[in-house]
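Engineer: Just need the structure, nothing else, for what follows:
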Amino acid sequence: MTGRHPETGGPVRPGEALPVEAVDAWLKARVPGLEGLPAVTQFSGGVSNWTYRLAYPGHDLVLRRPPEGTKARSAHDMRREYTVQAGLKPVFPYVPEMVAFCDDPGVLGCDFYVMRRIPGLIPRKYLGFELGPEAAHALCGTMIDVLIELHGVDPAAAGLSSLGRGAGYVRRQIEGWTERYGKARTWNVPTFKDVTSWLAANAPDDGTTCVIHNDYRFDNLVLDAADPSRIVGVLDWEMATLGDPLMDLGGSLAYWVQADDDFFGKSLRRQPTHLPGMLTRGEVVAAYAERSGRSVEHWPVYEVFGLFRLAVIAQQIYYRYFHGQTRNPEYRRFWLAAHYLHWRCRRAMRGAGRP
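Structural biologist: Residues are numbered from 1 along each chain as shown. Next up is the predicted model:
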């Protein structure tokens, strides 16, 4: 790869400049040893929150804040994201070290937090580094093991017992995402009523309730630059909660595009799961079941839910484009993703015995 490595950040986007002096003064009152003003770059990965690198001599920091003009604090809850990671860090070492949280609107006009940057490589759509078949295979195993390790965390030990809403997680998620899709639907996409009805009718009771990441993908992992089969960090905890671990796996595998997928499926790929040596989705499920000891008897429900949730996410983005709230040309054909994912859902439902 030539030019600036994406994991060190790039130029700050127009209209998203950080008031460096205000942040610097706030940080120096809380972090000993900071000298001078930081070199500020912005990370391009992710669109939910704005993320900046603050490079001081001897201190490599990352600042996370909501987008400008955010009205619903619950959609970009910086305090919650900070609290989850601060609680997990002592019992799950892949979480970044939290530095400080700010709810003083006089600094940025919004809540934000600062953490230590985890150096390494992030496996995005276009890899940017060498990963041979053996390393890719090993990385898949490591990814599964780290997810199982997260699912084994005692919420009470992490101080996160109040993070969830108790029993009924699977059904609440089905109902909630069904409602979201109804609000985001446009005339040119399926109703998904056959899918949501099937999910509601076949939803199992919650299995184990544990800490789940809820957005566990390769592009939210940091790999050791010297050994890319080794995971050193897990990022983006804004959707973390207490819930069914197989819902976490189902959401993760909805993004998993493998080498023998069809043309349209490959066009949706956002991570390098197609590379030689990578496991197939079926192999990931089998490995998770074997290594965790958890039953995957009801796996088709989790698979279909993960695909449906991804369809809702794509449709919510397309809805903004359809109504002129964004003009990003990448979003113009997202309605096609809803059709494709509807077909994938129906195929998985047929495989589970649906006529």
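Engineer: Going by C-alpha atoms from here, please, whenever you check contacts or count neighbours.
Structural biologist: OK.
Engineer: The closest residue to Leu37 other than its chain neighbours: neighbour count?
Structural biologist: Nearest residue to Leu37, sequence neighbours excluded (Cα to Cα, 6 or more residues apart in numbering): Asp24, at 6.6 Å. Asp24 is flanked by 17 other residues according to other Cα atoms under 10 Å.
Engineer: Check which helices and strands the helix or strand containing Asp24 sits against.
Structural biologist: Using DSSP states H and E, Asp24 sits in helix 20-28. Helices and strands touching helix 20-28, as assessed by 3 or more Cα pairs under 8 Å, 6 or more residues apart in numbering; DSSP states H and E, are absent.
Engineer: Just the C-alpha atoms of the helix or strand that that helix is followed by, please, in CSV.
Structural biologist: For helix 20-28, the following helix or strand on the C-terminal side (DSSP H and E) is strand 39-42. The C-alpha atoms that make up strand 39-42 are tabulated as CSV, following Å, rounded to 0.1, in the frame of the first residue of the first chain:
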residue,chain,number,x,y,z
ALA,A,39,-1.2,16.4,15.4
VAL,A,40,-4.8,15.7,14.4
THR,A,41,-5.9,13.3,11.7
GLN,A,42,-9.3,11.7,11.1
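Engineer: Against which helices or strands is strand 39-42 packed?
Structural biologist: strand 50-56.
Engineer: in its sheet, what does the strand it packs on sit against?
Structural biologist: Strand pairing for strand 50-56, using DSSP bridges, gives strand 39-42 (antiparallel), strand 59-65 (antiparallel).
Engineer: Pull the residues that contact that strand.
Structural biologist: Strand 50-56 is contacted from outside by 8-9, 34-43, 60-67, 117, using Cα atoms under 8 Å, 6 or more residues apart in numbering.
Engineer: Kindly report the same for stretch 95-105.
Structural biologist: For stretch 95-105, the external contacting residues (Cα under 8 Å, 6+ apart) are 30-31, 79, 82, 85-86, 88-89, 110-118, 233-235.
Engineer: Out of those, which end up buried?
Structural biologist: Buried members of those, counted by 16 or more other Cα atoms under 10 Å: 79, 82, 85-86, 88, 110-118, 233-235.
Engineer: Mind checking which of the residues you listed land in strands?
Structural biologist: 112-116, 233-234 (DSSP state E).
Engineer: What distance do you get for Tyr331 to Asp60?
Structural biologist: According to Cα to Cα, to the nearest Å, Tyr331 and Asp60 sit 34 Å apart.
Engineer: Now do the buried residues in the strand or helix carrying Tyr340.
Structural biologist: With secondary structure defined by DSSP H and E, Tyr340 is part of helix 334-351. Neighbour counts over helix 334-351 (16+ other Cα under 10 Å) mark 334-346, 348-349 as buried.
Engineer: Residues contacting that helix, please?
Structural biologist: Helix 334-351 is contacted from outside by 188-190, 192, 195, 264-265, 268, 300, 303-304, 307-308, 310-312, 314-315, 317-318, using Cα under 8 Å, 6+ apart.
Engineer: mind listing the helices for the stretch 151-300 of the chain?
Structural biologist: Assigned by DSSP state H, counting those that start in this stretch, the stretch 151-300 of the chain shows helices spanning 169-184, 193-202, 245-253, 263-267, 281-292, 299-322.
Engineer: Take those helices and lay them out in JSON lines including mean pLDDT and distance to Ile122.
Structural biologist: Listed next are those as JSON lines, based on pLDDT from 0 to 100; distance: least, Cα to Cα, whole Å:
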{"stretch": "helix 169-184", "mean pLDDT": "97", "distance to Ile122": "29"}
{"stretch": "helix 193-202", "mean pLDDT": "98", "distance to Ile122": "34"}
{"stretch": "helix 245-253", "mean pLDDT": "98", "distance to Ile122": "16"}
{"stretch": "helix 263-267", "mean pLDDT": "95", "distance to Ile122": "20"}
{"stretch": "helix 281-292", "mean pLDDT": "98", "distance to Ile122": "20"}
{"stretch": "helix 299-322", "mean pLDDT": "96", "distance to Ile122": "21"}
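Engineer: Could you export the ones you listed as TSV, including distance to Ala17 and mean neighbour count?
Structural biologist: Listed next are those as TSV, based on distance: least, Cα to Cα, whole Å; neighbours: other Cα atoms under 10 Å:
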stretch	distance to Ala17	mean neighbour count
helix 169-184	31	16
helix 193-202	42	15
helix 245-253	32	24
helix 263-267	33	13
helix 281-292	40	16
helix 299-322	24	22
